[in-house]
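Asks: no FASTA, just this:
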């Protein structure tokens, strides 16, 4: 892997502290540490950052080229803030695929494993109708890498929005419409003027998970994510992340998993949004995190409306 000093994750001023344990032309092993900069739900890292590290390694290798399909799988005993993990990257001999995994020290099963291959098809998750102009802003965490609004270190500071009702819900968040986003993006680049794909997968992961949440009123942890990256994205581009719920698994009255899908659009031509990334995923419902958001999301008390229909129904 060629070093990239411009990568916010692993460059000259890295977002992850790491130590190289082993390195060869086709395989590298590093030890990485998770700290409060990486938090998603309280006490655990944001899944988008683990996925982003895998994408960072792919870009260092340089093959396969865009567009690519990425299949992420989550497992193991989970990782907490303060834990260390082994980050392994392997390149296929033909250069046509990259496999990267993050495994907590002491575990045998990876916390996240990614397989990155040339895109077999260029199909995207379609949204025939644009989101309704009216929406309600969703609450946010204090320190989450993606939605935290009171971090001591720069984060993505997104505010998600829900559109529609009665089973036709969409969740969106814009990037680049606020002039502050251009300055914020300077902290999250992979090239001189290119937004790091970790930004895309992190916002996509949370935006899409909100879609599943709005269908079940339950929080979930990522189990699998399929993500297609169609091209690089410039720092200056205006983006719109659009997601919707796509099903459940388990008892309809008490599902164990929810599914959701979404697309990231470049809005250079608002009349003809261009897909730049697309995908779908599955999340394991965890009651502990549903209770956590009810106690900790901000603005204080701004979560009751989310559960109002459930309580009344």
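Replies: On my side now, so go ahead. Since this is a predicted model, take the numbers as computed values, not measurements.
Asks: alpha carbons only for contacts and neighbour counts from here, please
Replies: Will do.
Asks: longest helix anywhere in this structure?
Replies: helix 197-216 (DSSP state H).
Asks: list the strands paired with the very next helix or strand once past that one, with their directions.
Replies: Using DSSP states H and E, the helix or strand that follows helix 197-216 towards the C-terminus is strand 220-229. Strand 220-229 sits in its sheet next to strand 68-74 (antiparallel), strand 274-285 (antiparallel), going by DSSP bridges.
Asks: buried ones in strand 220-229, by neighbour count?
Replies: 220-229 (16 or more other CA atoms under 10 Å).
Asks: before we move on, back to that, from the chain's centre, how far out does the longest helix of the chain sit?
Replies: Relative to its parent chain, helix 197-216 has a centroid offset of 6 Å by CA atoms, centre = their mean, to the nearest Å.
Asks: output the contacting helices and strands for it.
Replies: helix 47-61, strand 170-175, strand 220-229, strand 239-251, strand 254-266, strand 274-285 (3 or more CA pairs under 8 Å, 6 or more residues apart in numbering; DSSP states H and E).
Asks: that one - what's its average pLDDT?
Replies: Helix 197-216 carries an average pLDDT of 97.
Asks: so what's residue 257 bridging to?
Replies: Bridge pairing for residue 257 - DSSP bridges - gives residue 249, residue 284.
Asks: got a list of what it touches?
Replies: Taking CA atoms under 8 Å, 6 or more residues apart in numbering, we find residue 257 in contact with 220, 248-250, 282-285.
Asks: coming back round to it: could you dump the buried residues of strand 220-229 to CSV with pLDDT and distance to residue 144?
Replies: Output for these, formatted as CSV (pLDDT from 0 to 100; distance: CA to CA, whole Å):
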residue, pLDDT, distance to residue 144
220, 97, 15
221, 97, 14
222, 97, 16
223, 97, 19
224, 98, 21
225, 98, 20
226, 98, 23
227, 98, 22
228, 98, 24
229, 98, 24
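Asks: switch the residues you listed over to TSV; also include distance to residue 80.
Replies: Formatted as TSV, the buried residues of strand 220-229 follow (distance: CA to CA, whole Å):
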residue	distance to residue 80
220	16
221	13
222	15
223	16
224	19
225	20
226	24
227	24
228	28
229	28
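Asks: partner strands of the helix or strand hosting residue 117, with direction?
Replies: If you go by DSSP H and E, residue 117 is part of strand 112-118. If you go by DSSP bridges, strand 112-118 pairs up with strand 68-74 (antiparallel), strand 98-104 (antiparallel).
Asks: circling back to that earlier point, between the strands paired with strand 220-229, which one is nearest to residue 42?
Replies: strand 274-285 (16.1 Å; CA to CA).
Asks: now that closest one and helix 197-216, what's the angle there?
Replies: With axes from the mean of the first three to the mean of the last three CA atoms, to 10 degrees applied, the angle from strand 274-285 to helix 197-216 works out at 50 degrees.
Asks: can you list contacts of strand 274-285?
Replies: 124-125, 200, 208-209, 218-233, 255-267.
Asks: buried stuff in the helix or strand just after that strand?
Replies: Going down the chain from strand 274-285, the next helix or strand is helix 287-296, by DSSP H and E. Buried residues in helix 287-296, counted by 16+ other CA under 10 Å: 289, 293-294, 296.
Asks: let me know the secondary structure of residue 307.
Replies: Secondary structure, DSSP: H, G, I helix; E, B strand; the rest coil: residue 307 is helix.
Asks: quick check: closest non-adjacent residue to it.
Replies: Excluding its sequence neighbours, the residue lying closest to residue 307 (CA to CA, 6 or more residues apart in numbering) is residue 217, at 6.6 Å.
Asks: the one you found: neighbour count?
Replies: 17 (other CA atoms under 10 Å).
Asks: same deal with residue 50?
Replies: 25.
Asks: setting aside sequence neighbours, what's the nearest residue to the most centrally placed residue in the chain?
Replies: Most central in the chain under CA atoms, centre = their mean is residue 202, positioned 2.4 Å from the mean C-alpha point. Excluding the flanking residues, the one nearest residue 202 by CA to CA, 6+ apart is residue 48, at 3.9 Å.
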